[in-house]
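A.B. asks: Sequence and predicted structure are below.
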Amino acid sequence: MTLKQKALAHYDRMIAWAEKQPETRCQDIEEMEDAIGENYDADYCVYCQSCENTCHVCKLYGKSKRYGHHCCGNLWPAMSNTKTWGTWVKRARRVREYIEKHG
């Protein structure tokens with residue numbers, strides 16, 4: 001299985017779990033990890049793991065005039081900082097689409 005396939009499967013599992021949560025409930029990274037054994041931080045990202053957390057060599061890491069250095073087209077920070085599961089799911093789908101296109 002390629003890194004891209006592993007990353008997409010990881011997002012599929014997280015999104016599937018998060019979709020079952022009440023949309024307005026506060027999202028909690030630890031709750032996700034307790035429930036499915038993984039979450040959306042770098043410790044579970046196959047790209048981060050393959051680069052040994054040296055983001056500048058990752059295919060999903062970039063630099064833009066608007067955002068400076070960013071991960072996943074600057075979509076990951078927005079997903080990570082959501083308040084509710086409903087918003088998290090919407091933003092996680094965008095990160096997944098970015099991985100599908102750029103991974």
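C.D. replies: In hand now; what should we look at? In this text the structure is predicted, and so the values were computed from the model without any measurement. Numbering: from 1, shown residues only.

A.B. asks: Name the helix or strand of the protein that has the lowest mean pLDDT.
C.D. replies: strand 61-64 (a mean of 62; mean pLDDT, DSSP states H and E).

A.B. asks: show me what contacts residue 15?
C.D. replies: 89, 92-93, 96 (Cβ atoms under 8 Å, 6 or more residues apart in numbering). Every residue, glycine included, has its C-beta placed from N, CA and C.

A.B. asks: how close does it sit to residue 71?
C.D. replies: 18 Å (Cβ to Cβ, to the nearest Å).

A.B. asks: Equivalent analysis for residue 89, please.
C.D. replies: From residue 89 over to residue 71 (counting by Cβ to Cβ), the distance is 19 Å.

A.B. asks: What helix or strand is the residue most central in space within the chain located in?
C.D. replies: By Cα atoms, centre = their mean, the chain has its centre lying nearest to residue 40, at 5.0 Å. If you go by DSSP states H and E, residue 40 is not part of any helix or strand.

A.B. asks: now stretch 93-103, how far from the chain's geometric center?
C.D. replies: Centre-to-centre, stretch 93-103 and its host chain are 9 Å apart (Cα atoms, centre = their mean, to the nearest Å).

A.B. asks: Sorry, wrong one. I was asking about stretch 1-12.
C.D. replies: Using Cα atoms, centre = their mean, the offset of stretch 1-12 from its chain centre is 11 Å.
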